[in-house]
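# Sequence plus predicted model, see below.
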Amino acid sequence: MTRHDTVARAAATPERPQPHAELGLTAAEYARIREILGRRPTDAELAIYSVMWSEHCSYKSSKAHLRQFAEKAPPTEALLAGIGHNAGVVDIGQGYAVTFKIESHNHPSYVEPFQGAATGVGGIVRDILAMGARPVAVMDALRFGPADAPDTRRVLPGVVSGISFYGNCLGLPNIGGELAFDPCYAGNPLVNALCVGVMRHGDLKRAAAEGPGNKVVLFGSRTGPDGIGGASVLASASFGGAGEGAKRPSVQVGDPFMEKLLIECCLELYAAGLVVGVQDLGAAGVSCATTELAAGGGVGMRVDLDAVPLRDAALGPAEILMSESQERMMAIVEPAGVGRFMEICARWDVPAEVIGEVTGTGRLEMTWHGELIVDLPPGSAADDGPVYDRSALRPAGQRELAADDPSALPRPAGAAGLRAGLLALLASPDAADKAWVTEQYDSYVRGDTVLAAPQDAGLVRIDERTGLGIALATDGNGRYTLLDPYAGAQLALAEAYRNVAVTGARPLAVTNCMNFGSPEDPAVMWQFAEAVRGLADACAALGVPVTGGNVSFYNQTGGTAIHPTPVIGVLGVHDDVRQRLSLGFREAGASVLLLGRTAAEFGGSLWARIAHGHLGGRPPRVDLDAERQLAAVFAAAAAGGLLAAAHDLSDGGLAVALAECCLAGGAGCTVSLPGDPFTSLFSESSARALVAVRPGCEAAFAGLCADRGVPAAVIGTTGGQHLAVTGGFSISLDELRAAHRQTLPGLFG
Amino acid sequence: MARVVVDVMLKPEIHDPQGEAIASACRRLGFGQILGVRQGKRFELEIGGSADDAVMARIAELAAELLANPVIEEFEIRAP
């Protein structure tokens, strides 16, 4: 029988060496823990602090910057819960509230692509569930190394398969997202999962324990040695070497069927009024749930770790505290409700156990085999972790990078060159048809999906009677952000905002997933600081608050960081989804208009990359006022039924947008390019969109654009089976389709 | 001709939701004495020639590459 480290032993043996460095705590952080406790921590306490003060849980390097999202937040009455909760909650009218969040699962998806991506979906779904909402849809923003790299062939199919397995089993539609490739993501793919849920206003739940005497219930899957890294260090350091009692870190395996039971069980528990506070268990498991619930309610908590249902009886207390076993939740329940709570759990086949109770002591106390092994102020672990103002320094070469303008690159000559250029872009893995991926996802389960990939945004109906719905899009462009992190983050927001607006929805709120390299590298920290500043400023300008999100640091292979990649999710509300706009050209005879201003902007463009492997110069100019006006035009045009199609312009500019409109709807078009044909086709100027106007509505739409100061140029007409450029080239839809569709099946099929 | 069997199991510490689902089905069907189930898979390979050490070594490579996922599974090879 192993003797476990207790509070009494810790007080009696102050000098015992502890493996704080192996657990990722600095000497200063360890000293701070000793100061908080007035003694050395026990093994179990050290486990709690090491996970709660990790970058992932504490945001210690990012906190100082993220404050801007609150400080610069635009005034809004839509926000019911903001940053700091499991997910932000937004009022969408008619008594409905929506909660949404995006989160990274990058590293687990590299180690074991299928399970890593699957548990990424599971984790974000539980975040949404913990707010009191029913999850209604998911999205995934994915970035991999070069499409033809052998490791991408290992990672991508596994990730896609894991997402589809988990989401499809749960019965949640996957309504969109992104798929992009760049050598910088080889060895460090980005797997960012978003979930959105819906509730009535009164259903909002808080992650706060209240009422001394209330019970702490752990329910869902049993606890196993999943995802434990540090605890094995602790175990071996405490017990004299590896071997007996030391568990290897292991990959988390998702169980979507248990998650489905948890969802239905939680919703029934909420409806029955049995839940005082609730928290999902993600990273840092029981450590995180107990400290955050207690700190959130400003109370104490007593927990008997022997009561935690285990899958592996050999687990010790530190391992139980650090386990990241999936599909678990923790609830605070009044004593009188415990019986009913357990009955409902039993009915859903969800294991549940009372493991402790709320106290008035203000301390988190945990026992193991009857001995006190944890006694700490919960806020010290959950809220008052270290905060670092890390040094940030513009990377050497940043100026040279910006000066390396692509305008000097050779451009395609003549009609044949432009034609070949368009086909090459359309067939590139970034612009190619993503059906090979999205067809593996169930996009229409639940019966409320109005728009899904390849549309600009996903659109879900919330109320069948009124047609109220929500639109969601995610965007990010690491190339732009590398060239200028401030502008790049703004461009990502602007694109997601535009993608939502182009369906006719009103953008309301923002979530973000900040994927960066090591915060200990001043160059990365500069990129991060600039990106956050840019995003906060742009959110203020666009009137959409950040409601929450996630920071993922240490995305690098060896010493080389990924391109800074903020992935921005925008949520919009659609008053009547029957009036949504979609991207396909379906009928002949509609005028095709290009909205917005086009300049010769090729820095970070898809053309520069595909045609020349070039990355340099300045990203497109940001014009947030133009974005706002464009969005207003779409909201009014959708409500007025003026448009037959609408599509946002982004990677690959007008060339790719035209091809996508033709292929999505099956009708061709004939256009005349205003100005220099090359710039017209391939520039990536922001705040632009392509529309087809319903015959008879031309004047009304022109008036709308004029009122908002949005430049609108008639460039052609829909119809035929070709994408034809007057005085230039013509490509049959069959040829376009072949170029667009063959790439991904050819690589991964 | 020889036959080689490759048994693949999840590593002992890896969560096995399928095994747990089977275990609970066992209990529902009245086999209360079954406390746990771990589910694996078995491959039977027909080999041209004899299953000598060199062949077995190649099959081990194949198992690590294709039949098992060594990140979460372990395998055993035998020539019965």
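Yep, it's here.

# ok, which stretches of chain B are strands?
B:2-10, B:40-47, B:73-78 (DSSP state E).

# is chain A contacted by the last one?
What that stands for is strand B:73-78. No. Judged by CB under 8 Å from any CB of the partner chain, strand B:73-78 makes no contact with chain A; its nearest approach is 10.2 Å. All C-beta spots, glycine's among them, are computed from the backbone N, C-alpha and C.

# Now A:G458. Its backbone dihedrals?
phi -80, psi 150 (degrees, to the nearest 10).

# could you list every residue that touches it?
A:137, A:139, A:175-176, A:449, A:451-452, A:471-473 (CB atoms under 8 Å, 6 or more residues apart in numbering or on different chains).

# Which residue lies closest in space to whichever residue of chain B sits closest to chain A, excluding its sequence neighbours?
Proximity of chain B to chain A (CB to the nearest CB) peaks at B:P17, 3.7 Å away. Distance criterion CB to CB, 6 or more residues apart in numbering or on different chains; nearest residue to B:P17, sequence neighbours excluded, is A:D255 at 3.7 Å.

# is it possible to export the contacts of A:G458 to a markdown table including pLDDT and secondary structure?
Output for the contacts of A:G458, formatted as a markdown table (pLDDT from 0 to 100; DSSP: H, G, I helix; E, B strand; the rest coil):
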| residue | pLDDT | secondary structure |
| --- | --- | --- |
| A:A137 | 98 | strand |
| A:M139 | 98 | strand |
| A:I175 | 97 | strand |
| A:G176 | 94 | strand |
| A:T449 | 97 | strand |
| A:L451 | 96 | strand |
| A:A452 | 96 | coil |
| A:A471 | 98 | strand |
| A:L472 | 98 | strand |
| A:A473 | 98 | strand |
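
# What's the PyMOL line that selects buried ones from those residues?
In PyMOL syntax, the buried subset of the contacts of A:G458 is picked out as below (16 or more other CB atoms under 10 Å in any protein chain shown):
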select buried, chain A and resi 137+139+175+176+449+451+452+471+472+473
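
# what's the closest of the contacts of A:G458 to chain B?
A:A137 (23.8 Å).

# Which member of the contacts of A:G458 is positioned nearest A:T119?
A:M139 (16.5 Å; CB to CB).

# so what's that closest one up against?
By CB under 8 Å, 6+ apart, the residues touching A:M139 are A:102, A:174-177, A:193-195, A:458, A:472, A:474, A:569.

# ok, it to A:L409 distance?
34 Å (CB to CB, to the nearest Å).

# Equivalent analysis for B:G48, please.
56 Å.

# the more surrounded of these two?
A:L409 (14 against 7; other CB atoms under 10 Å in any protein chain shown).

# Report the secondary structure state of the residue in the stretch 401-550 of chain A positioned nearest to chain B.
At 18.9 Å from chain B, A:Q440 is the closest residue in the stretch 401-550 of chain A, using CB to the nearest CB. Secondary structure for A:Q440, judged by DSSP: H, G, I helix; E, B strand; the rest coil, is coil.

# Hmm, it is touching A:V160, no?
Yes. Between A:Q440 and A:V160 there is a contact at 5.6 Å, judged by CB atoms under 8 Å.

# and A:L46, what element?
helix A:43-52 (DSSP states H and E).

# Can I get that helix in PDB, CA atoms only?
Backbone C-alpha positions of helix A:43-52 (Å, rounded to 0.1, in the frame of the first residue of the first chain) are rendered in PDB as follows:
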ATOM      1  CA  ASP A  43       1.300  16.000  -4.600                       C
ATOM      2  CA  ALA A  44      -2.400  16.400  -5.300                       C
ATOM      3  CA  GLU A  45      -2.300  20.200  -4.800                       C
ATOM      4  CA  LEU A  46       0.800  20.400  -7.100                       C
ATOM      5  CA  ALA A  47      -1.200  18.500  -9.700                       C
ATOM      6  CA  ILE A  48      -4.100  21.000  -9.400                       C
ATOM      7  CA  TYR A  49      -1.800  24.000  -9.700                       C
ATOM      8  CA  SER A  50       0.200  22.600 -12.500                       C
ATOM      9  CA  VAL A  51      -2.800  22.000 -14.700                       C
ATOM     10  CA  MET A  52      -4.700  25.100 -13.700                       C
END
